[in-house]
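Q: Return atomic coordinates for the entry below.
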Amino acid sequence: MATYLPIVTFHAIDDRPAVISFSPGLFERSMAQLHKCGYRAVSLVEVIKCVQLSIPFPERALAITFDDGYQSVYQQAFPVLQRYGFSATIFLTVGKDRSAKASDRLPHMGERSMLSWGEIREMQQCGIEFGAHTITHPDLTRLSPKLAENEICDSKAIIENALSAPVASFAYPYGRYDDCCREIVSHHFLGACSDRLGLVGTNADLYAMERVDTYYLRSEKLLSLMPSVLFPLYVKARNIPRRIRRAVRVA
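A: Alright, predicted model coming up:
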């Protein structure tokens, strides 16, 4: 059994020159390599339960998450996940329209096409989990408590109504949170993901769970570190300049 586990974060699976993009070819090869090394992708709910009970994580396990709800997740990532029997959690930015007809799509974020509710339901039937990512993807720390609560709770309600299933997890837009929105989330979800770079331990803060953004894994060489004992050291090393930059901004 393992005392830590990586939650990896993807956004769009495409070849655009953008921070949120991850190459479809590299995604395919990374999942194939992890599967070859005996890894399995567990659900985020399973991760949360391990932390709640203070029990070790399964050996050679990771959790896979996708933020926002881009259509490329259905087109490019979903077939690969099915091929290797991997689970994942997709955090949806649902928009203000409560209609959830199969043809209705999530509101655009930039120029990329978003998931339709039909695609979302198809993935749900195949074991993919869905979490909430607010209504309009705001920086929650800049909102009043009331507006933050509306963004958090209404997004959960819309997804639950559309999928007839409970929504257990939340991801803070931009990874940003404060004591106020963390408190709101803690009353409505089992756990939440932040943008803190790190591996989740059995003593993790369930409402500010660390993740590893795949921006830091966008090459064959870096991906090869994941199954190795060097991976925790690499993540810690990449976190040093992030902490320094944030300390400077605060100062």
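Q: Which strands or helices does the stretch of helix or strand residue 235 belongs to pack on?
A: Using DSSP states H and E, residue 235 sits in helix 231-250. Contacts defined by 3 or more C-beta pairs under 8 Å, 6 or more residues apart in numbering; DSSP states H and E place helix 231-250 against strand 191-197. The way it works is simple: take the backbone N, C-alpha and C, and place the C-beta from them, glycine included.
Q: Adjacent strands (with direction) for the strand it packs on?
A: strand 169-171 (parallel), strand 209-213 (parallel) (DSSP bridges).
Q: and the angle from the longest one to helix 231-250?
A: Right, the one you point to is strand 209-213. Relative orientation of strand 209-213 versus helix 231-250 (axes from the mean of the first three to the mean of the last three C-alpha atoms, to 10 degrees): 100 degrees.
Q: if we look at the sheet, which residues does the spatially most central residue of the chain bridge to?
A: Closest residue to the average C-alpha location of the chain: residue 65 at 3.2 Å, with C-alpha atoms, centre = their mean. Beta-bridge pairing for residue 65 (DSSP bridges): residue 9, residue 89.
Q: give me the number of residues near residue 227?
A: Residue 227 is flanked by 16 other residues according to other C-beta atoms under 10 Å.
Q: Please apply the same query to residue 136.
A: The local packing of residue 136 (other C-beta under 10 Å) involves 15 other residues.
Q: quick one on the thing from earlier: relative to residue 220, how far out is the residue nearest to the centre of the chain?
A: Relative to residue 220, residue 65 is positioned 22 Å away (criterion: C-beta to C-beta, to the nearest Å).
Q: likewise residue 145?
A: Residue 145 is 46 Å from residue 220, by C-beta to C-beta.
Q: out of the strands paired with strand 191-197, deepest packed?
A: Counting by mean count of other C-beta atoms under 10 Å, strand 169-171 has the highest mean neighbour count of the strands paired with strand 191-197, with a mean of 27.
Q: contacts for it?
A: Residues outside strand 169-171 that contact it (C-beta atoms under 8 Å, 6 or more residues apart in numbering): 44-45, 48, 65, 67, 89, 91, 129, 131-133, 152, 156, 185, 188-193.
Q: State the mean pLDDT of that strand.
A: Mean pLDDT, strand 169-171: 98.
Q: and what of stretch 125-133?
A: 97.
Q: First residue to last residue on it, what's the distance there?
A: End-to-end distance for stretch 125-133, by C-alpha to C-alpha, to the nearest Å: 21 Å.
Q: all strands in this structure, in order from the N-terminus.
A: According to DSSP state E, the chain carries its strands in the segments 4-5, 7-10, 40-41, 61-68, 89-92, 129-132, 169-171, 191-197, 200-201, 209-213.
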